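In: I would like the atomic coordinates for the input below:
(2 chains)
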Amino acid sequence: MTTGSLPGTAPPVQRPRSQLRELELRGVSRAYGAHLALKPFDLTVRGGEFVALLGPSGCGKTTALNCLAGLLPLTGGEIRLDGRRVDTLPPEKRGFGMVFQNYALFPHLTVRANVAFGLKMRRLGKAEIRDRVEAVLRLVRLTEHAAKHPGQLSGGQQQRVAIARAIVVQPPLVLMDEPLSNLDAALRLEMRSEIRRIHQEFGLTTIYVTHDQEEALSLADRLVVLRDGEVSQVGTPAELYEHPVSPYVAAFMGYRNMLSLTAMSGDTAAGRGLSVTGTPGGGPVAAGQPVTVAIRPEDLHVAGDGEPGGGAGTAGTAAPAAVVGEAVAEVVEYHGRTLHVEAVTAEGDRLHLRTSRPVHPGDALRVAAAPERALIFPGDGSAP
Amino acid sequence: MTAVAAGPQAPAPDPGTVRGRVALTHQLAERGVDRVLLLAVPGVLALVALFCYPFLYGLQLSFQPAHGGVLGAYKAFFSDPFARKSIWQTFALAIPASLINVGASVPISYRMRREFRGKRLLLAVLVVPITLGTVLTAEGILEFYGPAGWFNRTLHLLGLSSSPVKLTMNYTGVLLSLVISGFPFAYLLIHSYLSGIHPSMEKAAATLGADWWRRFRYVTLPLLAPGLMTTFCLTFVMTFAVFPSALMVGDPDGSTHVISIEAYEAALQRFDYAQGCADAMIMTALMLAVIVAVTALRSRLYTGATGGKG
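Out: So this is what the prediction gives:
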């Protein structure tokens, strides 16, 4: 009760919203020999923002995070924190908090000593260390486990210790490297809200690496989608969800149906027994050009009898939902009130759709999608 | 985690009656006794034949000296100042040699975790002495560090010393030989202990503001300490039993008259088997005392996992 920085009691009043105004990455790159793991990378993060770096393994997202933390030297570019250059500083001088994928808790220290480690390294007074550790342990709800060793804790508890240890020093920037990937599904959901809650309560600026689009979409204010060390798209969750700029981002955002068709006009495509009326997603499309049509499973449904549009071949019907084609249900999964159906067209394309109607394997289905929910991208899907 | 309470008539049998009916093999397996245990039989037999029997034989022999009753040989050892001094001389060699071996291994293996050019070559150079016998090492030391050896000739050529530096046939020679032959063991052990510590530990400490010294002091060293103590015990046992080098490059009648030489002389030069056995038993007791002390200290440290996940 001495320092007045007790996050558990009245956080928004005493704590500045964020200690950091702006983090600027300019041309940050990292090469391993001839291989560029991270191509020149620009990003500006505002104070208080939650930014997720999203991509499959090997896309350079962890490399980017390690470069930020100072655990990997840059091979090019610079990092500025409120105008001050930090990329030349060793990790211990940057003062960023980092949550590791494997938590990296010190197994020989108690939870309390683990959390106090950063404060001890900053040579704070004993009383202040004790108060701040108690406060942050309350925040992550671990007070009663303070005297235990990490080995005696469950995965979720260890994870919270790792977060507590990183944030107790009140770092200007918190870096998280797939912190939820070692947890089971239920705990992952719980910890997801926990992380967001802590981010808001502490006024943190967070950069979060994940390969899980759902996690990124639900947590982040802004997403950076990476591919092969290169930024594919930066945007808010809504922007990326509704308007992915490429089939790659679309596939990452849950557009599971990726159909390689041929453009008939600017907003229609056909081929392989299917015909789609859609919306151009990434630039203009000329008739005759190969295109990739991306549709989410939840936007593809079994056509009602009254729904307009013909079967295969009659393209170009402007309507709220147009029939895309016909397919035979193959796998039907029960998911509560909806069924997840995997259907195969006559040409062998697999369509993933949702329906609330009773569908059985082997049923012939007429499948439809709303034009604004079917995105047409130039290119045949294999290229970025 | 089923909340359903099993009623008294539930199919799960009452444990009281089960005891008698469960097959003996299952009961034994519960205590770790099964056929896999047979794999230990050859080892146990060898241990009994090659260690337990000679040890017990020697023990009873040590209580049957020609003169002085049951404890006569022990009394003789402790009443002879020259023999008694061998205890101190053994410790004076074994403790510094073990500390040097362990102490030098830590910084070297700490650096060797990183990849660098020539690492394999350096590793080979560090570890090769393990393949050389003590006798070969001792001969090498005589050749190299002897009064007319390369070392002294180089010193002389460089004008650094007018008369040869005496590095052999004394305490220094034995210590050198113990370090040369003991270091590879210590290094290999500590290297493997160190590589068992997940690199993310130090990374985490670095992001929390610890410079290299405090990363070592507060994270790596505490995690390594149990391994250091085990390594110390092993190198101590090896150096405590020093014999060939104490004879060959030392001063076996003076400053390196270690306890093993005392036992050897008693048994094989004076043919007093009882005395030799008693000396060996004293040696064993001293070694055990040190190992028990170090192990007790070790058990007070953290000795759990050193991996990434707590």
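In: which residues does A:Leu109 contact?
Out: A:Phe117, A:His149, A:Pro150 (C-beta atoms under 8 Å, 6 or more residues apart in numbering or on different chains). No exception for glycine: its C-beta is placed from N, CA and C like everyone else's.
In: Go through the chain and flag its longest helix.
Out: Because you didn't say which chain, this covers chain A. Determined from DSSP state H, the single longest helix within chain A is helix A:185-201.
In: please go with chain B instead
Out: Max-length helix for chain B by DSSP H is helix B:81-112.
In: re earlier: pick out the one among the contacts of A:Leu109 with the largest number of neighbours.
Out: For the contacts of A:Leu109, counting by other C-beta atoms under 10 Å in any protein chain shown, the largest number of neighbours falls to A:Phe117: 26 neighbours.
In: what about that one, helix or strand, and which?
Out: A:Phe117 belongs to helix A:111-121 when assigned by DSSP states H and E.
In: Just name whatever secondary elements that helix is in contact with.
Out: Where contact means 3 or more C-beta pairs under 8 Å, 6 or more residues apart in numbering or on different chains; DSSP states H and E, helix A:111-121 is packed against helix A:126-139, helix A:155-167.
In: One more pass at 10 Å, please.
Out: Contact partners of helix A:111-121 among helices and strands, from 3 or more C-beta pairs under 10 Å, 6 or more residues apart in numbering or on different chains; DSSP states H and E: helix A:126-139, helix A:155-167, helix B:199-207, helix B:212-215.
In: how about the residues of the stretch 101-250 of chain A that lie near chain B?
Out: Contact residues, the stretch 101-250 of chain A versus chain B (C-beta under 10 Å from any C-beta of the partner chain): A:101-109, A:111, A:113-114, A:116-123, A:148-153, A:155, A:157-158, A:161-162, A:165-166, A:168-169, A:171, A:175, A:177, A:182.
In: mind running it again at 7 Å?
Out: With C-beta under 7 Å from any C-beta of the partner chain as the criterion, the stretch 101-250 of chain A meets chain B at residues A:102-108, A:117-118, A:121-122, A:150-151, A:153, A:158, A:169.
In: Now do the buried residues in the strand ranked longest in chain A.
Out: Longest strand in chain A, counting residues (DSSP state E): strand A:322-335. Neighbour counts using 16 or more other C-beta atoms under 10 Å in any protein chain shown place A:Ala322, A:Val323, A:Val324, A:Gly325, A:Glu326, A:Ala327, A:Ala329, A:Val332 of strand A:322-335 among the buried residues.
In: For the stretch 251-384 of chain A, give the residue positioned nearest to chain B.
Out: A:Gly336 (23.7 Å; C-beta to the nearest C-beta).
In: hang on, I meant the stretch 101-250 of chain A
Out: At 2.7 Å from chain B, A:Pro150 is the closest residue in the stretch 101-250 of chain A, using C-beta to the nearest C-beta.
In: So B:Val290, which state does it fall into?
Out: helix (DSSP: H, G, I helix; E, B strand; the rest coil).
In: can I assume it is in contact with B:Phe236?
Out: Yes: using C-beta atoms under 7 Å, B:Val290 is in contact with B:Phe236, at 6.1 Å.
In: Can I get stretch A:26-42 in PDB? Just the C-alpha atoms.
Out: This file holds the C-alpha atoms of stretch A:26-42, laid out as PDB (Å, rounded to 0.1, in the frame of the first residue of the first chain):
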ATOM      1  CA  ARG A  26      11.200   0.400 -40.100                       C
ATOM      2  CA  GLY A  27      12.600  -2.100 -42.600                       C
ATOM      3  CA  VAL A  28      13.200  -4.600 -39.900                       C
ATOM      4  CA  SER A  29      14.600  -7.800 -41.400                       C
ATOM      5  CA  ARG A  30      16.400 -10.900 -40.400                       C
ATOM      6  CA  ALA A  31      18.400 -13.300 -42.500                       C
ATOM      7  CA  TYR A  32      19.900 -16.700 -41.700                       C
ATOM      8  CA  GLY A  33      22.700 -16.900 -44.200                       C
ATOM      9  CA  ALA A  34      21.100 -16.400 -47.600                       C
ATOM     10  CA  HIS A  35      17.600 -17.200 -46.300                       C
ATOM     11  CA  LEU A  36      15.500 -14.100 -45.500                       C
ATOM     12  CA  ALA A  37      13.400 -15.300 -42.500                       C
ATOM     13  CA  LEU A  38      11.900 -11.800 -42.200                       C
ATOM     14  CA  LYS A  39      11.700  -9.500 -45.200                       C
ATOM     15  CA  PRO A  40      11.900  -5.800 -44.600                       C
ATOM     16  CA  PHE A  41       9.000  -5.200 -42.300                       C
ATOM     17  CA  ASP A  42       7.300  -1.900 -41.400                       C
END
